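A.B. asks: Okay, here's the prediction I keep looking at, along with the sequence it came from:
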Amino acid sequence: MIDNLITALGAEFVQLSLTPIVIGILGAVACALPGNFLLLRRQALIGDAISHVVLPGIVAAFLVTGTITAVPMMIGAGCAAIVAVILIEIVKRLGRVEPGAAMGLVFTTLFAAGVLFLEMTDTSSVHIDVQHALLGNLESLIWFDAEGWQSLLDPMALATLPPQLPRLAVVLVGIVLFITLFWKELKISTFDAAFAEAIGIRTRVLGFALVVVTAIAAVAAFDAVGSIIVIAMFVCPPAAARLMTNQLGRQIGWSVAFAVISAILGYVFAGYGPGWFGSPYAVSAAGMIATISGIILLLACLFGPQRKRTGQRAEA
Amino acid sequence: MSFLDYFISALFLQAGYNSALVAIGAGLLGLAGGGAGAFIFLRKRALVSDAISHATLPGVGIAFMLMVAFGGDGRWLPGLIIGSAISSGIGLLMVEWITRQTRLTEDAAIGAVLSVFFGLGIVLLTIIQTMSSGRQAGLENFLLGSTAGMLISEATTIAIAGALATVFVFMLRRPMTLVAFDPEYAATTGINVRHIDLAMMGLALIVTVIGLKIVGLILIVALLIIPPVTARFWTNQVGPMIGIAAAIGGLSGYVGAVLSAAVTSLPTGPIIVLVAFGFFVISALFSPLRGGLASALRHWRFQRRVHRRQGLLALARREPIYDGFTLRILRHSGMIRRDGVATLRGKTASQKAARDEARWAMARRILPDDSAIERYDGLTPIEDMMTPDQIDEIDRVIAEQTGAPA
């Protein structure tokens, strides 16, 4: 067992598993952070809507530029997310319908359009398909040039890291900056929008900024890990954290911890788990990470110290 | 045969037995989806159906594995439908349980169930892909739907289930309407609100699982949401709204399936969704009740009346008018000449406007409790809102106060 562990953490681990795990963690945390505020503002499903419209955004970017490089794709996806948010607002006003229905209408339509564009244009030469969009390709983000842990200090090898890793790291730093810089404003406007307005916080602008940050997190994480993880990480870790504490700061801490645990355990179970049952194949890491985050949420629902509403008696 | 010829022949069910059956099946599915979706929409729980539809995936995977394990064909549609119904039922109960037992809101519960069940389903699909019999399972088609190579038995299953779901919607329409609008009142009349809510979602579940094959689980929720939102533009009454939603759903399913049969390479689900969205756009623009054009027209008419009225009052007070729009309206209706001087017609109309204004001012003093004063919008002629007797009385008081003979 110990021998297994040592070989498991040897050079091969660095080459094949280290980068996917780190990318998984970065993506999970990047989504979980804004997810906390979305959850408290009852906008948890914005993440769901945004991750659906990323696909048409990427397809549109491909149709415009004709190439499949990261920057135009991310711009396209970001634009699609913003267009979707505006469309949802229009449908809500025009049809005077509840936000859920407006959201469902917009994201299914945009997703359908994305799929159709994808099928109608000749994208056989490039690697975008619906499966990829949903599942990501976490397992394939390996670090070819790594020869072991010492490669972490080797600039040559570091230069060949999968580009998703630095990109996600930058996005994560940006999100952390956004949340720390606007901590007070975000906190007040989340819990008491009317009061925030009264003391001069521009709540609408802030709300839109939060959605934009969410979209950026979704797009960056999506490229690396697929939309399942994105949706799961927007909702599950913050929801589980919400059941642990009554303080926003601690809730965010818990959610980051849950996101990290989900990413690590999910990847390990997906990669090594089937081997424990004697199967030579790995299963989808993205799916497994989402599953683990669900199990954490389930445990929090059953045992979380703050799982009840205020005033609600504990079940006999 | 050109695309259009094929499309038209398929539209009238002349393009072969199989595609006709698929089109009818998709139509019935849309009918049931629109009808069931209308209640869910009125209950403001549209996105619960999104959780239900994503939660089908683990059931599809497990059913496939079980059927293979017992030596059967893993792709047998009724088996997959039952499996998906069970797992999405569990997902639905999870949403209810989380919302009831913890302090998380329903949207968080929806997002959690949706993503976790879907993730689990993807894990199962990757396991199936490694199974020897799983390589050609084609279970990915359940994500986006496909009618290519659909068996006649499958199309029949879908058509029958769609018809059954429509019947259920029809049978449960009264309690569901009551619960959608006023759950408290429904409870006092002895209806078990929770059961009806579950039945409502159960219908969404049925539509979802039978729609898996044609529309796919990511987009099936559109068949439950878009038709009711569209129908809402056309009516303010429940009965007609459900009928219209069902009709739009049915048409979307039917036309979409026919279109995709004509262009076989395209997945069916997205086409059906986009057809439904087409109905939405048309309704949002052209509906006489709440459509964009009708509202714009109403707004423009109102604006014209306000400008006309203000212009006439200005004429009566001999004030100069500077506003271009007001001048244009007065000129067009022959109230003023090109140089801005009032015509005979303009003079009469402006005197009447001024007199009415004075009448209203007096009415507010002598009849402060009259309902007409509260309803007055500043534009409607006084004759339309007060009786001739009242107007005579007002005129008499005005005459008395100005000292002129009555």
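C.D. replies: Nice, I can see it.
A.B. asks: Geometric centre of chain A: which residue is closest?
C.D. replies: residue A:230 (2.9 Å; Cα atoms, centre = their mean).
A.B. asks: what separates the helix or strand harbouring that one from the chain centre, distance-wise?
C.D. replies: Per DSSP states H and E: residue A:230 is located in helix A:203-242. Chain-centre distance of helix A:203-242: 5 Å, with Cα atoms, centre = their mean, to the nearest Å.
A.B. asks: quick revisit: let me know the helix or strand that the closest residue to the residue nearest to the centre of chain A other than its chain neighbours is in.
C.D. replies: The spatially closest residue to residue A:230, leaving aside those adjacent along the chain, is residue A:51, at 4.5 Å (Cβ to Cβ, 6 or more residues apart in numbering or on different chains). To be clear about C-beta, it is placed using only N, CA and C from the backbone, and glycine gets the same treatment. Element membership for residue A:51 (DSSP H and E) is helix A:44-65.
A.B. asks: List every C-alpha atom in that helix, with coordinates, as PDB.
C.D. replies: Only the C-alpha atoms of helix A:44-65 are listed here, as PDB (Å, rounded to 0.1, in the frame of the first residue of the first chain):
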ATOM      1  CA  ALA A  44     -27.700  30.200  -8.100                       C
ATOM      2  CA  LEU A  45     -29.000  29.200 -11.500                       C
ATOM      3  CA  ILE A  46     -27.300  32.100 -13.300                       C
ATOM      4  CA  GLY A  47     -24.200  29.800 -13.300                       C
ATOM      5  CA  ASP A  48     -26.300  27.100 -14.900                       C
ATOM      6  CA  ALA A  49     -27.600  29.500 -17.600                       C
ATOM      7  CA  ILE A  50     -24.100  30.900 -18.300                       C
ATOM      8  CA  SER A  51     -22.500  27.500 -18.700                       C
ATOM      9  CA  HIS A  52     -25.100  26.600 -21.300                       C
ATOM     10  CA  VAL A  53     -24.500  29.600 -23.400                       C
ATOM     11  CA  VAL A  54     -20.800  29.200 -23.400                       C
ATOM     12  CA  LEU A  55     -21.100  26.700 -26.200                       C
ATOM     13  CA  PRO A  56     -22.800  29.100 -28.700                       C
ATOM     14  CA  GLY A  57     -20.300  31.700 -27.800                       C
ATOM     15  CA  ILE A  58     -17.400  29.500 -28.600                       C
ATOM     16  CA  VAL A  59     -19.000  28.400 -31.900                       C
ATOM     17  CA  ALA A  60     -19.700  32.000 -32.800                       C
ATOM     18  CA  ALA A  61     -16.100  32.900 -32.100                       C
ATOM     19  CA  PHE A  62     -15.000  30.000 -34.300                       C
ATOM     20  CA  LEU A  63     -17.300  31.100 -37.100                       C
ATOM     21  CA  VAL A  64     -15.900  34.600 -36.900                       C
ATOM     22  CA  THR A  65     -12.200  33.900 -36.600                       C
END
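A.B. asks: Specify the angle between it and helix A:203-242 in degrees.
C.D. replies: Put simply, helix A:44-65 runs at 120 degrees to helix A:203-242, going by axes from the mean of the first three to the mean of the last three Cα atoms, to 10 degrees.
A.B. asks: and residue B:386, which of the three is it?
C.D. replies: When classified by DSSP: H, G, I helix; E, B strand; the rest coil, residue B:386 comes out as coil.
A.B. asks: For the residue lying closest to it once chain neighbours are set aside, the count of nearby residues, please.
C.D. replies: Once flanking residues are discounted, residue B:386 sits nearest to residue B:372: 5.3 Å by Cβ to Cβ, 6+ apart. Residues lying near residue B:372 (other Cβ atoms under 10 Å in any protein chain shown) number 16.
A.B. asks: For the helix or strand that contains residue B:251, buried residues please.
C.D. replies: Per DSSP H and E: residue B:251 is located in helix B:238-262. Residues B:238, B:241-262 are the ones in helix B:238-262 that count as buried (16 or more other Cβ atoms under 10 Å in any protein chain shown).
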